[in-house]
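Visitor: starting from these lines, generate the structure:
(chains A and B)
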Protein chains: 2
Amino acid sequence: MSSATSSSTSPSPAHEQTDAYEQTERTTPTRNRDRASYDREVVHSILDAGCVCHLGFIRDGAPVVLPTLYGRIGDRLYVHGSTGSRPLRTAARTEDPGMPVCLTVTHLDGLVLARSAFHHSLNYRSVVVHGTARQVTDEAELRAALDALVNQAVPGRAADSRPANAKELAATAVLRVDLREVSAKIRNAGPGDEPEDLALPHWSGVVPVATAYGTPVPADDLAPGIPVPAYLTAR
Amino acid sequence: MSSATSSSTSPSPAHEQTDAYEQTERTTPTRNRDRASYDREVVHSILDAGCVCHLGFIRDGAPVVLPTLYGRIGDRLYVHGSTGSRPLRTAARTEDPGMPVCLTVTHLDGLVLARSAFHHSLNYRSVVVHGTARQVTDEAELRAALDALVNQAVPGRAADSRPANAKELAATAVLRVDLREVSAKIRNAGPGDEPEDLALPHWSGVVPVATAYGTPVPADDLAPGIPVPAYLTAR
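Guide: Below is the predicted model of the structure:
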């Protein structure tokens, strides 16, 4: 990639047809570049494995990072919040050209124990999205985004719940962030100890970490005779 | 709290002796205020339950959010990174008065399924720290911070690994963020459906979510006869 294009934040015209996101200066890591990926399928699979992102924005000149539910539709991410929440009020104030955001999703996969304290590490998959957040105003897009948000947390759930009514839609604000300047980072390996440390008497290896879903707990006021749905038991 | 003090970001002189962090304008949520806590023990327990934070800072006028290992010693958080990483290079450029950061730790505890799409929610515990990051230069503090980082991921591990040597210390950069302007937010409840929705035929309740630690996997080159340490099996 030439330096002329590496600092561009706009996708090329053929962007939607390619298999990878265009690499830019700020999606190029300063270290561990071998862990970076711009592959669209890799990025999407990491995003689809979770439902909570950390949304960063600037408020009164200082960074703010808030955990937020997200949903993906193709190359668009939707972030949820009531119209009273800070990021959305900020977005509303700066609707044109939108609010600069950084949206990060991280899955911790393992604790990497090396013989040396220095080489301790983590196995993880993460995606960092640099972009602009704009409030969704089109009603059809807003409904699709709400379905995506519910289905991101529980795939298949949107169709098995009461859709938002007009009052609820009006009380809901959703931000859209287009996936353009995006990178994934993955570490999936054992410890990288120094050769001279291999004989030290410290246990070394990886403790796997995963997200575990427990047995669904019915609401206290759940009407009798409603079974746990298949989309939950399959998980 | 009066409006005169609510916007202050400096702790009172008695701050260290109190049981709660001082509430400020930006640690006061605009919604769901009942979920907020400034209790020191609550904040510390949420921080101590994890080892990966999302560190937000401003780079070239745009927000950046990166997942990072952290460790806590009392009312100080330490964030790890090599001297080549972006946040630390930025901190070095802005050492005085330090780099404005927002450091957020989130634990997802449950998926909350309501009858209505609108009332779907998450159970979670999160801590948001607003502050300033400064690079640690004192060698004793740097060593203590590295121990805290290793012990945050695996309590008890620092004492069972080779300490950093002079070369490794020189290659390591650690940022310190003092815990002053801090808040926790907790949701731990069932779905909050509208009364008129309770008879709908949709299952409703909570799917518990937890972090699961798997069986430790020894390194390929682990010397024979080194057992899995007790601090791992106890977990």
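
Visitor: name the helices or strands packed onto the lengthiest helix in chain A?
Guide: Ordering each helix of chain A by length in residues (DSSP state H) puts helix A:139-153 first. If you count contacts as 3 or more C-beta pairs under 8 Å, 6 or more residues apart in numbering or on different chains; DSSP states H and E, helix A:139-153 packs onto strand A:62-73, strand A:76-82, helix A:166-171, strand A:172-178. C-beta coordinates here come from the backbone N, C-alpha and C atoms, glycine included.

Visitor: pipe these into CSV and attach mean neighbour count and distance to residue B:154 per row.
Guide: Listed next are those as CSV, based on neighbours: other C-beta atoms under 10 Å in any protein chain shown; distance: least, C-beta to C-beta, whole Å:
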stretch, mean neighbour count, distance to residue B:154
strand A:62-73, 22, 24
strand A:76-82, 21, 33
helix A:166-171, 12, 44
strand A:172-178, 23, 35
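
Visitor: now these as CSV including distance to chain B and mean pLDDT?
Guide: Shown next, in CSV, are these (distance: least, C-beta to the nearest C-beta, whole Å; pLDDT from 0 to 100):
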stretch, distance to chain B, mean pLDDT
strand A:62-73, 4, 96
strand A:76-82, 6, 85
helix A:166-171, 4, 90
strand A:172-178, 7, 92
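
Visitor: how about those in TSV, adding distance to residue A:209?
Guide: As requested, these are exported to TSV (distance: least, C-beta to C-beta, whole Å):
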stretch	distance to residue A:209
strand A:62-73	18
strand A:76-82	25
helix A:166-171	37
strand A:172-178	27
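
Visitor: just the strands in chain A please.
Guide: With DSSP state E as the criterion, chain A has strands at A:36-37, A:52-59, A:62-73, A:76-82, A:99-113, A:121-135, A:172-178, A:181-187, A:205-213, A:217-218.

Visitor: give me the sheet partners of the first one and which way each runs.
Guide: Note on strand A:36-37: by DSSP bridges, its sheet partners are strand A:181-187 (antiparallel).

Visitor: so the strand it pairs with versus strand A:99-113, what angle?
Guide: With axes from the mean of the first three to the mean of the last three C-alpha atoms, to 10 degrees as the basis, strand A:181-187 and strand A:99-113 are set at 10 degrees to each other.

Visitor: same question for strand A:181-187: list its buried residues.
Guide: Buried residues in strand A:181-187, counted by 16 or more other C-beta atoms under 10 Å in any protein chain shown: A:181-187.

Visitor: Serialize the residues you listed to CSV and add fields for pLDDT and distance to residue B:201.
Guide: Converted to CSV, the buried residues of strand A:181-187 look like this (pLDDT from 0 to 100; distance: C-beta to C-beta, whole Å):
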residue, pLDDT, distance to residue B:201
A:181, 97, 44
A:182, 98, 40
A:183, 97, 44
A:184, 97, 40
A:185, 96, 43
A:186, 97, 42
A:187, 96, 45
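
Visitor: closest to chain B out of those?
Guide: residue A:185 (8.6 Å; C-beta to the nearest C-beta).

Visitor: before we move on, the earlier item: buried residues, the longest helix of chain A. List them.
Guide: In helix A:139-153, counting by 16+ other C-beta under 10 Å, buried: A:142-153.

Visitor: and what of stretch A:182-202?
Guide: A:182-187, A:190-191, A:193, A:197, A:200, A:202.

Visitor: out of those, who's nearest residue B:215?
Guide: Distance to residue B:215, by C-beta to C-beta, is smallest for residue A:190 among these, at 14.7 Å.

Visitor: what's the local residue count around the residue nearest to residue A:229 when sequence neighbours are not counted?
Guide: The shortest distance from residue A:229 to any residue other than its chain neighbours is 5.2 Å, reached at residue B:203 (C-beta to C-beta, 6 or more residues apart in numbering or on different chains). Neighbours of residue B:203 under the rule other C-beta atoms under 10 Å in any protein chain shown: 21.

Visitor: pull the contacting residues for residue B:203.
Guide: Each residue near residue B:203 by C-beta atoms under 8 Å, 6 or more residues apart in numbering or on different chains is listed here: A:160, A:216, A:218, A:222, A:226-229, A:232, B:113.

Visitor: much appreciated, bye for now.
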